[in-house]
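Undergrad: no sequence on hand, only this structure:
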């Protein structure tokens, strides 16, 4: 199945899609960078990934299929579980008595083919397809599932109406709540809501009782979307069911409650952190989804690059000191910490964490959950951790003076400490720690790196190129220094040395036929502040966060908004999305 590079090069020249000079230049560059000609040509924009796939299909003699705008049979599509289809880019689109045709982006993915073969017990016929076809097939998957779930919810809501002879909006007696929570219609509706959220890759579920209905909303890629509307009489049953799952008090409706439960869907373990809050029309329930077996993150994949990435990798090699990530709730701080922990997780070190909550479970890591209700706080847990012979300690969050002091002391006594802090910028972490009564001389002895971050939505495959006009350039100049930004872009090799703003391409989302907004998934924008000698001197002098930030910028630090503009030039996101997130 492997294609020889010489064979592909010959076919490229015969196809006429690229010139001989482009192929020769790419061949030379590929040798220098130890990569393939096809990757170089795709990077330069001479060919698309789909062009390469079509060539490969022709050379290998594998049929190429175009699935765009085709109506796919859900019974065939569902033969491959949706998470497998999405992770391996493989979809079933045609079935006979003896064989199953599957469309793939990589026909050499033998693991995926073998999985499907074992599941369906049919002969598998691989077919190559393009990115747009795969996107359409996965979208068809979601549409079919959404339609199926919608039918279930409407059907079961109707069944609930038949069960309850109480009028909409009237509370169910406390004695009946447990029985109601176990009714099959309620169980099916809640299961459907949870599964739907997992498939949509939602981070939060909001269940909000209103005067005449129950509104369900999902937070997807950081934005809340209306998911469905349920009859008012489902409110008590849904809340009761979620309380049963998370071991909360069923008859307590006057005060907020917090709990947690876990489900396993298609081999993926998902933990739900539950919060209930009394509101005017009943109890609002919010659930945060935490994928416990999430792994495989890299710092590059999270959006780090350039000197900031190099500084983090260097700091992770230290055996003592402190690395902090900062930002508001939901900005990806914990994921960044776990990614760094994953890099550090080798057999020769002992890693211990104290967290609230434990978001991802990691092998070979000693993870401890904070329990404030029994007096087991970050500070108490940290005192115990340092007696457990750790090499590396992760503190979920520095919330108070005691935890700050203990974290600093732990890094002074031969440990590498990683933690988070709630500040708006990297430089802002320093005065925040000083406010927590950390002595400046201790801070300069321990603090190595401070990362500030936000999450921005990424553009989908379809995007529209455009160039800034004078008014838009002036508007951009009001939020970043245009000359400094140009220098940063040139330094990272993203634009030509003589490039001007009106000739630099930017991108806008191109909404698809499904009504989506043109964005798909999220990535981080960051600023990585390395605590250098000049910054240590500023800390000892009691300098402001602004003065520290200016010094870091003069040493090459890219601020979050500058990193956002950098990713906009890359075509990863839009200027509007960066400004939306930074202004929040």
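TA: Noted; the coordinates are in hand. Only a predicted model underlies this, so the values are computations on that prediction, with no experimental measurement involved.

Undergrad: do a quick rundown of the helices in the stretch 451-584 of the chain.
TA: Defined through DSSP state H, counting those that start in this stretch, the helices belonging to the stretch 451-584 of the chain, from first to last, are 470-477, 482-491, 533-540, 545-554, 560-570, 575-583.

Undergrad: could you do the stretch 51-200 of the chain as well?
TA: 74-77, 82-88, 110-120, 131-163, 174-181, 184-199.

Undergrad: what sits up against the helix or strand containing residue 341?
TA: Residue 341 is part of helix 333-344, with elements assigned from DSSP states H and E. Taking contacts as Cβ atoms under 8 Å, 6 or more residues apart in numbering, the residues outside helix 333-344 that touch it are 295, 297-299, 302, 312-313, 316, 323, 325-327, 351, 353, 359-360, 362, 365, 392, 394, 396, 416, 418-420, 451, 453, 524. The C-beta positions use only the backbone N, C-alpha and C, and glycine is treated the same way.

Undergrad: from the residues you listed, which land in strands?
TA: Judged by DSSP state E, strands contain the following of the contacts of helix 333-344: 323, 325-326, 351, 353, 365, 392, 394, 416, 418-420, 451, 453, 524.

Undergrad: looking at the helices of the stretch 451-584 of the chain, which is closest to residue 387?
TA: Between residue 387 and those, the shortest gap by Cβ to Cβ is with helix 533-540, which sits at 30.2 Å.

Undergrad: picking up where we left off before, just say which of the helices of the stretch 451-584 of the chain is most tucked in.
TA: With neighbours taken as mean count of other Cβ atoms under 10 Å, the helices of the stretch 451-584 of the chain reach their highest mean count in helix 560-570, at a mean of 23.

Undergrad: gap between that one and the chain center?
TA: When C-alpha coordinates are averaged (Cα atoms, centre = their mean, to the nearest Å), helix 560-570 and its chain have centres 18 Å apart.

Undergrad: cool, stretch 115-132 as well?
TA: 28 Å.

Undergrad: go through that stretch and flag the buried ones.
TA: Using 16 or more other Cβ atoms under 10 Å as the test for burial, stretch 115-132 gives 115, 116, 120, 122, 124, 126, 127, 128, 129, 130, 132.

Undergrad: related to what we said a few turns ago, quick one: which of the ones in strands among the contacts of helix 333-344 is nearest residue 543?
TA: Distance from residue 543 was checked for each of the ones in strands among the contacts of helix 333-344 by Cβ to Cβ. The minimum falls on residue 326, at 17.9 Å.

Undergrad: for the closest one, list each beta-bridge partner.
TA: Assessed by DSSP bridges, residue 326 has beta-bridge partners residue 421, residue 452.

Undergrad: wait, what's in contact with the nearest residue to residue 129 once chain neighbours are set aside?
TA: Beyond its immediate neighbours in the sequence, the residue positioned closest to residue 129 (Cβ to Cβ, 6 or more residues apart in numbering) is residue 103, lying 4.1 Å away. Neighbouring residues of residue 103 by Cβ under 8 Å, 6+ apart: 65, 67, 90, 91, 93, 127, 128, 129, 133, 134, 137.

Undergrad: is the fourth one in contact with residue 79, as I believe?
TA: No. Counting by Cβ atoms under 8 Å, residue 91 sits too far from residue 79 to count as a contact (9.4 Å).

Undergrad: of these two, who's got more company?
TA: For residue 91 against residue 79, the residue with the higher neighbour count under other Cβ atoms under 10 Å is residue 91, and the figures read 29 against 18.

Undergrad: give me the distance between the more buried one and residue 134.
TA: Between residue 91 and residue 134 the computed distance is 7 Å (Cβ to Cβ, to the nearest Å).

Undergrad: need the pLDDT of the nearest residue to residue 530 once chain neighbours are set aside.
TA: Excluding its sequence neighbours, the residue lying closest to residue 530 (Cβ to Cβ, 6+ apart) is residue 311, at 4.6 Å. Residue 311 is assigned a pLDDT of 96 by the prediction.

Undergrad: so residue 311 touches residue 528, yeah?
TA: Yes. Taking Cβ under 8 Å as the contact criterion, residue 311 and residue 528 are neighbours in contact, 5.6 Å apart.

Undergrad: of the two, which one has the most company?
TA: residue 528 (26 against 21).

Undergrad: relative to residue 426, how far out is that one?
TA: Using Cβ to Cβ, we find residue 528 at a distance of 7 Å from residue 426.

Undergrad: filter the contacts of helix 333-344 down to the buried ones.
TA: Using 16+ other Cβ under 10 Å, the buried members of those are 297, 299, 302, 312, 316, 323, 325-327, 351, 353, 359-360, 362, 365, 392, 394, 396, 416, 418-420, 451, 453, 524.

Undergrad: wait, what's in contact with the residue nearest to residue 530?
TA: Residues in contact with residue 311 (Cβ under 8 Å, 6+ apart) are 449, 528, 530.

Undergrad: list just the nearest of those to residue 463.
TA: When the contacts of residue 311 are compared against residue 463 (criterion: Cβ to Cβ), the nearest one is residue 528, at 27.3 Å.

Undergrad: low pLDDT regions in the stretch 51-200 of the chain?
TA: 83, 141-154, 157-176 (pLDDT under 70).

Undergrad: again, only this time at 90
TA: In the predicted model, the stretch 51-200 of the chain carries pLDDT under 90 at residues 51-89, 94-99, 104-189, 191-193, 195-200.

Undergrad: please name the nearest non-neighbouring residue to the residue most central in space within the chain.
TA: If you average the C-alpha coordinates of the chain and look for the closest C-alpha using Cα atoms, centre = their mean, you land on residue 522, 5.4 Å from that point. Counting by Cβ to Cβ, 6+ apart, residue 522 lies nearest to residue 455, which is 4.6 Å off, once chain neighbours are set aside.

Undergrad: wait, the one you found touches residue 302, no?
TA: No. Residue 455 is beyond contact range of residue 302, at 9.6 Å (criterion: Cβ under 8 Å).

Undergrad: got any residues that touch both of these two?
TA: Listed contacts common to residue 455 and residue 302 are 332, 523, 524; contacts here mean Cβ under 8 Å, 6+ apart.

Undergrad: wait, which of the residues you listed is closest to residue 280?
TA: Proximity of those to residue 280 (Cβ to Cβ) peaks at residue 332, which lies at 33.4 Å.

Undergrad: what sits against the closest one?
TA: Applying Cβ under 8 Å, 6+ apart as the definition, the contact partners of residue 332 turn out to be 302, 453, 454, 455, 522, 524.
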